[in-house]
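Novice: curious how this folds, go ahead:
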Amino acid sequence: MGLMITIAVDCMGGDHGPVVTLPACTQFLNQHTDAQLILVGLSDGLRAYSHPRARMLVVTEVVAMDDTLEVALRRKKDSSMRVAVTQVKNGAAQAAVSAGNTAALMAISRYVLKTLDGIDRPAIAGQIPNAKGQATTVLDMGANVDCLPEHLLQFAEMGSALVSVLSGNNNPTVGLLNIGEEAIKGNDVIKKAGDLLRSAAQSGALNFYGNVEGNDIFKGTTDIVVCDGFVGNVALKTSEGLACMIVDFLKKEFSRNLFTQTAALVAYPVISALKKRMDHRRYNGGALLGLRGLVFKSHGSADVMAFTYALARAYDAVHHHLLDQVKARIAHAAPLLLDPTLSSNP
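Specialist: Next comes the predicted model:
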């Protein structure tokens, strides 16, 4: 057997904790024979679990979903979240996965792992299903509410590295989320970000498509869409809510009477395909990009299937050397960030 990929798992995070994370770990390990897990959690939560490629790391604290950053970062130093991330820092694991408090995970990861050279702010990159049957990678999805143009360029470079790893497409297209396609539209930050992205495209550092609008995320117009974290998080939650609404609507309509039930039987293959395409669980696992280590954030409400996908996403990132690709792309874009004619910094 070749080298094993090791992932540290915060088993206590999220809305469900070990009830979801442990069965997901079993599914993941059964699907990936070259992987092993470090399961981090409370003694009571881990006691009954056993797998030949999993070892337990018992802690005494858990970061709650409503804990403040002060509590999570300064007071709970033996939390399952922090200890899982620390396994990446000390080299025991190559990636960490948690479904816990997003703000706490970002703060702890940034404090423990630090940011890469050339990165001002780490970003959360997630995927939203699109009409092409694939997914549009969007970043930032909630880590940075206010961004400078340079941050959006960094997001574009990191997102390009991620998509290259996940899809095998070495030249993914990047769109800048705006209120219109024209370069003259948007606020000053967006206009300056557009200038930076166009310069990056001219230098060969990026495949910049241009401005895109909100509907382009769902059309799949570009492989990647960059925006600030406020807008990205709203887009993510909207897509999840829309998918649930459509599925619930179809269930109710097709169960109204004998005629609609018969129609449902005929349309079942189409309905099943639509449901699968819109199932956000298949795209669970947002990458915290820009850190000196790999950390992935699962939805807090993730079920077993969704958390298994988050583990698989972390595995793929390690397997395809995502960290090295991010470093290379940021290094390539560094001259643009230092150009005084393009920078927004004084």
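Novice: can you give me every residue that contacts the residue nearest to residue 147 when sequence neighbours are not counted?
Specialist: Spatial nearest neighbour of residue 147, excluding adjacent residues (C-beta to C-beta, 6 or more residues apart in numbering): residue 228 at 4.4 Å. No exception for glycine: its C-beta is placed from N, CA and C like everyone else's. Residue 228 is in contact with 140, 144, 145, 146, 147, 152, counting by C-beta atoms under 8 Å, 6 or more residues apart in numbering.
Novice: again, only this time at 7 Å
Specialist: By C-beta atoms under 7 Å, 6 or more residues apart in numbering, the contact list for residue 228 reads 140, 144, 145, 146, 147.
Novice: quick one, helices of the protein?
Specialist: Assigned helices in the chain, in chain order: 18-31, 43-46, 69-70, 80-89, 102-113, 149-167, 188-202, 214-219, 229-253, 258-278, 304-319, 322-338 (criterion: DSSP state H).
Novice: low-confidence ranges in the stretch 151-300 of the chain?
Specialist: Within the stretch 151-300 of the chain, the stretches with pLDDT under 70 are 240-244, 246-247, 249-279.
Novice: grab the most central residue of this structure for me.
Specialist: The chain has residue 286 as the residue nearest its centroid, 1.3 Å off, counting by C-alpha atoms, centre = their mean.
Novice: who does it form a beta bridge with?
Specialist: residue 297 (DSSP bridges).
Novice: surely it meets residue 123?
Specialist: No - with contact defined as C-beta atoms under 7 Å, residue 286 does not reach residue 123; the gap is 9.4 Å.
Novice: can you pull out the low-pLDDT segments for the stretch 1-150 of the chain?
Specialist: For the stretch 1-150 of the chain (pLDDT under 70), the answer is 1-2.
Novice: hmm, try it at 50
Specialist: 1 (pLDDT under 50).
Novice: so where do the strands sit in it?
Specialist: Using DSSP state E, counting those that start in this stretch, the strands of the stretch 1-150 of the chain run over 5-10, 35-41, 54-58, 95-98, 123-129, 135-139.
Novice: returning to what we had before: check contacts around the residue nearest to the centre of the chain.
Specialist: 124, 125, 126, 141, 296, 297.
Novice: farthest pair within those residues?
Specialist: Comparing every pair within the contacts of residue 286 by C-beta to C-beta identifies 141 and 296 as the most remote, at 12.4 Å.
Novice: what about the two, which has more around it?
Specialist: residue 141 (28 against 25; other C-beta atoms under 10 Å).
Novice: quick check: that one touching residue 233?
Specialist: Yes - using C-beta under 7 Å, residue 141 is in contact with residue 233, at 5.5 Å.
Novice: need the residues touching each of those two.
Specialist: Both residue 141 and residue 233 lack any common contacting residue under the criterion C-beta under 7 Å, 6+ apart.
Novice: and residue 25, how many neighbours?
Specialist: Count around residue 25 with other C-beta under 10 Å applied: 25.
Novice: how about it, nearest residue that isn't a chain neighbour?
Specialist: residue 37 (5.6 Å).
Novice: not counting its neighbours along the chain, what's nearest residue 164?
Specialist: residue 170 (5.2 Å).
Novice: same check on residue 203?
Specialist: Residue 203 sits nearest to residue 336 (C-beta to C-beta, 6+ apart), 6.9 Å away.
Novice: first to last residue in stretch 120-134, what's the distance?
Specialist: The first and last residues of stretch 120-134 sit 30 Å apart, counting by C-alpha to C-alpha, to the nearest Å.
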